[in-house]
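Q: Build me a model:
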Amino acid sequence: MNEHHDHELFQQYPLTGEAEISTGVVPTPYHTYDGQGTFIGGFADLAKITNLLQDEQLYPIRTTRGRAVMGVWAVDFTDASLGAHNELQFSILVSSTQTPAIEDHPLTLLKALFMNPDALMLCYGLWNNTETAVAYNRELLGLPAQLNQGRRQEENGFLSFHFEDENGERLFSGKVAKATKASPKVGWSLFRLLGLRQTMNALSQPYLGAKVVNPVGDVLPYNAAAQSYLAADNPIVQFFDGAADSVSFGPAFADKFNFQPQFVEHFAPFRFVYLHPEKL
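A: Coordinates of the predicted model:
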């Protein structure tokens, strides 16, 4: 077992069992021991997001300017309990009750995940590139997982990514700068948003937690929240640069969100644990 497998996150939340899914027997809970990930956070059209949630017992968390909040994950899990695989995920910031508006700030999504106990990340869309990962996410976690054909590629200081569904239809693509060190401008902005105490608290945590909620579906006919934990060695947050960075959704999603990216977070290497969902 290597140093990534020995991380305290896995000592706290070890593999404790097995489950049988359509592709065979798999260990539980879900572990990632190493990988590279990118998270693009921003705003979305509140009316469009509210419409997408009409069958859920959930409310979009809105900003003071009346915008919804969402993000896109593009991740390579290079060493995981389900074997190596990738993931594309569209996440919407929601709560199980109507809550007060949050700051309309480019990094407000990060603050909500750090500090807002009501904040949940609804997994609205999810794609993996292995049958085992798709089956695990669909059959055990109730997530809307489907197969993808995806790639991430780093070149000349930029990360490019392109994801298609199993039929070759484009899902999401783009190119963003990949900073090699933290930006003082971003650090100061986050400090002002969080405040001294919460900034120090966030920096002192060995890993950060977030609750992910499934859409109502056949496997879980209700919304359930699963606790997840992420431990990244060197997370780097940068503001989205509209002049140099670009992202776009494929035709099935082009008009669903009206997504306005605000920041990009790169994290590698990282460890990750996803626990079993519990009904809200």
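
Q: Surely Phe240 touches Ser246?
A: No - distance between Phe240 and Ser246: 9.5 Å, which falls outside the contact criterion (C-beta atoms under 8 Å). C-beta: built from backbone N, CA, C; applies to glycine.

Q: Mind checking which of those two has more residues around it?
A: Counted by other C-beta atoms under 10 Å, Phe240 and Ser246 do not tie: Phe240 has more neighbours, with 19 against 14.

Q: if I pick the residue lying closest to the more buried one once chain neighbours are set aside, what's in contact with it?
A: Distances taken as C-beta to C-beta, 6 or more residues apart in numbering place Pro261 nearest to Phe240, at 4.3 Å, with adjacent residues excluded. For Pro261, the set of contacting residues under the criterion of C-beta atoms under 8 Å, 6 or more residues apart in numbering consists of 40-42, 240, 245, 247.

Q: ditto for Asp55
A: Contacts for Asp55 were tallied using C-beta under 8 Å, 6+ apart; they are 215-216.

Q: switch to 10 Å and redo it
A: For Asp55, the contacting residues are 215-217, taking C-beta atoms under 10 Å, 6 or more residues apart in numbering as the criterion.

Q: What of Lys175?
A: For Lys175, the residues meeting the contact criterion (C-beta under 10 Å, 6+ apart) are 153, 155, 158-162, 244-247.

Q: Can you tell me which of the residues you listed are buried?
A: By neighbour count, with 16 or more other C-beta atoms under 10 Å, those hold 159-162, 245, 247 as buried.

Q: Filter those residues down to the ones in strands?
A: Filtering the buried ones among the contacts of Lys175 for membership in strands, criterion DSSP state E, returns 159-162, 247.

Q: what is the mean pLDDT for stretch 137-146?
A: If you average the pLDDT over stretch 137-146, you get 98.

Q: end-to-end on it?
A: Using C-alpha to C-alpha, to the nearest Å, one end of stretch 137-146 lies 9 Å from the other.

Q: overlap in contacts of Phe240 and Ser246?
A: Going by C-beta under 10 Å, 6+ apart, residues that sit against Phe240 and also against Ser246 are 176, 261.

Q: from what I can see Glu155 touches Lys178, true?
A: Yes - between Glu155 and Lys178 there is a contact under C-beta atoms under 10 Å: 9.5 Å.

Q: which stretches of the stretch 151-280 of the chain form strands?
A: For the stretch 151-280 of the chain, the strands defined by DSSP state E, counting those that start in this stretch cover 158-165, 170-177, 208-213, 224-232, 236-239, 246-249, 260-267, 270-274, 278-279.

Q: Turn the ones you listed into TSV, including mean pLDDT.
A: Written out in TSV, the entries for the strands of the stretch 151-280 of the chain read as follows (pLDDT from 0 to 100):
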stretch	mean pLDDT
strand 158-165	98
strand 170-177	98
strand 208-213	95
strand 224-232	96
strand 236-239	95
strand 246-249	98
strand 260-267	97
strand 270-274	97
strand 278-279	96
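
Q: Low-confidence stretches in the stretch 1-150 of the chain?
A: When residues are selected by pLDDT under 70, those of the stretch 1-150 of the chain lie in 1-4.

Q: how about the helices of it, start to end?
A: When assigned using DSSP state H, counting those that start in this stretch, the helices of the stretch 1-150 of the chain occupy the ranges 8-12, 46-52, 108-115, 131-139.

Q: How much space separates Gly41 from Gln260?
A: Remark: distance between Gly41 and Gln260 (C-beta to C-beta, to the nearest Å) = 10 Å.

Q: Next, show the common contact partners of these two.
A: A shared contact of Gly41 and Gln260, defined by C-beta under 10 Å, 6+ apart, is any residue touching both; here these are 70, 106, 240.

Q: Export the helices of the stretch 1-150 of the chain to a markdown table and append columns for mean neighbour count.
A: Output for the helices of the stretch 1-150 of the chain, formatted as a markdown table (neighbours: other C-beta atoms under 10 Å):
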| stretch | mean neighbour count |
| --- | --- |
| helix 8-12 | 14 |
| helix 46-52 | 16 |
| helix 108-115 | 21 |
| helix 131-139 | 21 |
